[in-house]
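Peer 1: show me how the following folds:
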Amino acid sequence: MEEVNPLVTYGLLAAWALHDTEELLAAPRWVRENVPHLRERFPGAPESLWRTMESVNAREFTVAVGAMAAVVGAAATAGARSGGRSGFYQAALNGFGLHGLVHLAQAALVRGYTPGSATSPLIVLPFTLWARGRLRTAGVLRPARTRDVLTGLTTAAGAVIVSHAVARKVTGGR
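Peer 2: Numbering: from 1, shown residues only. Modelled structure (predicted):
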């Protein structure tokens, strides 16, 4: 059994920060420029989806990313303190990797760039696979079961919803 290097645990926060920097820089403009075309291309999508995307301004999005940073930072710290054994850390790591796959699926669906799709194959997925490999080598990786994947996705979605709720409260949004 090996000791888990802090790059494995705190690296989650660093990889997430690089990835979300792409989203921060690209999302507001991308939404403005692409939602009208996507509405036409996907007429069956619920109107609430388009309204939600259009209602998030750059300030609110930035605050939401900051709130998510607190969650990811807490997960990375839990991972470092536990030598990578923390269930919270491992769930966040798995959620991060799954999040990268969602970005690639979105880009495939729209047949082009979506915010987050550039760093997903370059940072998100390689980091997740590397970190999981290091945890496995150290003998602390929890087996990923279907239930764990669903819990990870649900937790990640919940964290996104909560971070946007916090951002609306802070910014005085709708």
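
Peer 1: got the contact list for Pro121?
Peer 2: Under the criterion of CB atoms under 8 Å, 6 or more residues apart in numbering, the contact partners of Pro121 comprise 100, 104. Bear in mind the C-beta positions are built from the backbone N, C-alpha and C, glycine included.

Peer 1: give me phi/psi at it?
Peer 2: phi -80, psi -20 (degrees, to the nearest 10).

Peer 1: tell me how far the nearest residue to Tyr89 once chain neighbours are set aside lies from Arg134.
Peer 2: Counting by CB to CB, 6 or more residues apart in numbering, Tyr89 lies nearest to Gly79, which is 3.0 Å off, once chain neighbours are set aside. With the distance defined as CB to CB, to the nearest Å, Gly79 ends up 11 Å from Arg134.

Peer 1: pick out whichever of these two has more residues nearby.
Peer 2: When neighbours are counted by other CB atoms under 10 Å, Gly79 and Arg134 differ, and Gly79 comes out ahead with 29 against 19.

Peer 1: quick check: which element contains the more buried one?
Peer 2: helix 58-81 (DSSP states H and E).
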